[in-house]
Every structure is written in structure tokens, then in C-alpha cells.
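J.: starting from these lines, generate the structure:
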Amino acid sequence: MSTDIAPRRKPRTLALELVDSLGDRIRDGRLALGDKLPTEAAIMAEFNVSRTVVREAISKLQASGLVETRHGIGTFVLGLGQAPGFKITPDQFSTLRDVIAVLELRIGVETEAAALAAQRRTPANLKTMREALNTVAEAVDAGRDAVAADFQFHLEIARATQNSHFAELMGTLGSMIIPRARLDSVDPPNDERRQYLRRVNGEHESIYDAIVGQDPDAARAAMRTHLANSRERRRRAQAEAG
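T.: Here you go, the predicted structure:
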């Protein structure tokens, strides 16, 4: 008498299956650019796998360029995977000069994205922008920064162009494009810093108002002002550093 017992799958096989499952969700849009992946515990429960399998799968997704892990925050969808072409790596954000260079790139891209968003935005785009700005304001009032929500606001403007190339470019850059994510102090904001963050969010509100009002010229100008102000702040810091 014989019994058929299915061989137990190896963790490596399980990890590859998990990579395929999560990768499919990213590619078909169920997990969109900028979305946060479920927690390790939630993935373990849904797919009935161990923590080791989840971590190996996330590592493979990172290596493929689909996700990035931000320590202490979570893992976020970065793009649709590795492909030859444009990419800015984290070590290219390491100095003030690097950050200023990326801000110059953003001025070129995001000013036009804001204008297109003003013409093409949907109610869903506006809702996501509004929620991101509310999150930033609440964090600042509570004495915290909100880099992830700041990035989400800019990413949603890119999505609101209804041109996927803008969103894909923003997703490739990731949250490191927010200058203070790389260079500013990790200490809780003091009064001066809190005033600065409120001023930044005021600039965000001007951009949002122009997009709500479907005024592309005003949206373009507000985005240019916002990014140029950030660039000038970094230039002053660079000059002071000698």
C-alpha cells in the first residue's frame, strides 16, 4: 500500500512564488507606484509563509527594482522593475551638490507636470493630494516631519497628468527626491524648523489650489516657486559650508 505525500516546498521556491504574486500586483496596478506594501506579518498570514520567506522575497523585489524599503517606515512600490535607462541611485543624493542637481531636474519635470495635472486631474487625484497635505500639516503640528506624505503629494501630481511616464519617473526617483529626507537633521523639529515646514506646506497648498482651479499657468508657477525656493535654501547651505 502506498500513499502519495506531496513534497514540502523549499523556502527558496516559496520565496520565488511570493515574488511572482507580489510582482503581479505591482504590474497590474493593484499595488501602484508609491503604495506601501502590507506588513511582514500580513504577508505571512495571507500567503502562509515564514518571515524568512517574506524577507527573501522582498530582497528579490528590491534587487529587481520593484520596491524600496525605507527603514522604520516600510516597503514601497518603486516602479515596474529593472530596465535599461534612467536611474538615480541613493549614493547620488549624498551631498548638497547632488541634491541641488536633482532639484534642477525636478524643476524641469514637475513644473510641466503641475500644469498638465491642472488640466487633467480627477476627483480621486485631488482627494489623494488633499489627504497627503493634511498628513503633512498634522505631522508638523505634532512636532514630526512627513517626508513620505510630501513625496506622496508630488507623486500624485505626476499621476494626475494621466501620462504614465511622469509617474514612472517619480517612482524611479523615490522619496529621496525630498531634500530633507537625505540631508536634514533627524532630530524633532524645533520652532525654526517647524516654521520652515509650514512654509513648505503653504507652497504645496498654492500648487494644490491652482490644480483644483484648473489653472495650468498658476500651477506651473507655484511648482516652480516651490522647487526654486528649496534649491536656493540648499545653495545657501552650500555657501555657508564653504
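J.: flag every buried residue along stretch 192-202.
T.: For stretch 192-202, a neighbour-count test (16 or more other Cβ atoms under 10 Å) marks 193, 194, 196, 197, 200, 201 as buried. Every residue, glycine included, has its C-beta placed from N, CA and C.
J.: phi, psi for residue 213 please.
T.: Here is the backbone geometry of residue 213 (degrees, to the nearest 10): phi -80, psi 0.
J.: picking that back up, among the buried residues of stretch 192-202, which ones are in helices?
T.: 193, 194, 196, 197, 200, 201 (DSSP state H).
J.: contacting residues around the closest residue in space to residue 22 that isn't next to it in sequence?
T.: Excluding its sequence neighbours, the residue lying closest to residue 22 (Cβ to Cβ, 6 or more residues apart in numbering) is residue 61, at 6.2 Å. Taking Cβ atoms under 8 Å, 6 or more residues apart in numbering as the criterion, residue 61 is in contact with 19, 22, 23, 67.
J.: in CSV: these, plus pLDDT, secondary structure and neighbour count.
T.: Formatted as CSV, the contacts of residue 61 follow (pLDDT from 0 to 100; DSSP: H, G, I helix; E, B strand; the rest coil; neighbours: other Cβ atoms under 10 Å):
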residue, pLDDT, secondary structure, neighbour count
19, 89, helix, 19
22, 91, helix, 25
23, 85, helix, 19
67, 89, strand, 26
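J.: closest one of these to residue 54?
T.: Using Cβ to Cβ, residue 22 comes nearest to residue 54 of the contacts of residue 61, at 9.6 Å.
J.: confidence score at the residue nearest to residue 22?
T.: Here the pLDDT value assigned to residue 61 is 89.
J.: cool, and the one 5 residues further on?
T.: The per-residue pLDDT reported for residue 66 equals 86.
J.: quick one on the thing from earlier: what is the nearest of the ones in helices among the buried residues of stretch 192-202 to residue 120?
T.: Nearest to residue 120 among these, counting by Cβ to Cβ, is residue 201 at 23.9 Å.
J.: ramachandran angles for residue 48?
T.: In terms of degrees, to the nearest 10, the main-chain angles of residue 48 are phi 60, psi 50.
J.: my bad, residue 72
T.: Dihedral pair for residue 72: phi 80, psi 0, per degrees, to the nearest 10.
J.: give me the pLDDT value at it.
T.: Note for residue 72: predicted pLDDT of 82.
J.: about what we covered before: tell me the one of the buried residues of stretch 192-202 nearest residue 141?
T.: Closest to residue 141 out of the buried residues of stretch 192-202 is residue 194 (8.4 Å), distances taken as Cβ to Cβ.
J.: shouldn't that closest one be in contact with residue 140?
T.: Yes. Under the criterion of Cβ atoms under 8 Å, residue 194 makes contact with residue 140 at 5.9 Å.
J.: pretty sure residue 50 sits against residue 40.
T.: No. The pair residue 50 / residue 40 is not scored as a contact, 10.0 Å apart, by Cβ under 8 Å.
J.: the residue nearest to residue 31 when sequence neighbours are not counted and residue 232, how far apart?
T.: Setting aside the residues directly before and after it, residue 31 is nearest to residue 25 in space (Cβ to Cβ, 6+ apart), at 4.5 Å. According to Cβ to Cβ, to the nearest Å, residue 25 stands 41 Å off from residue 232.
J.: when those two are compared, which one has more neighbours?
T.: Set residue 25 next to residue 232 and count neighbours by other Cβ atoms under 10 Å: residue 25 wins out with 16 against 12.
J.: on the three-state scheme, the more buried one is what?
T.: Under DSSP: H, G, I helix; E, B strand; the rest coil, the three-state class of residue 25 is helix.
J.: and residue 162, by the same measure?
T.: Assignment for residue 162 (three-state DSSP): coil.
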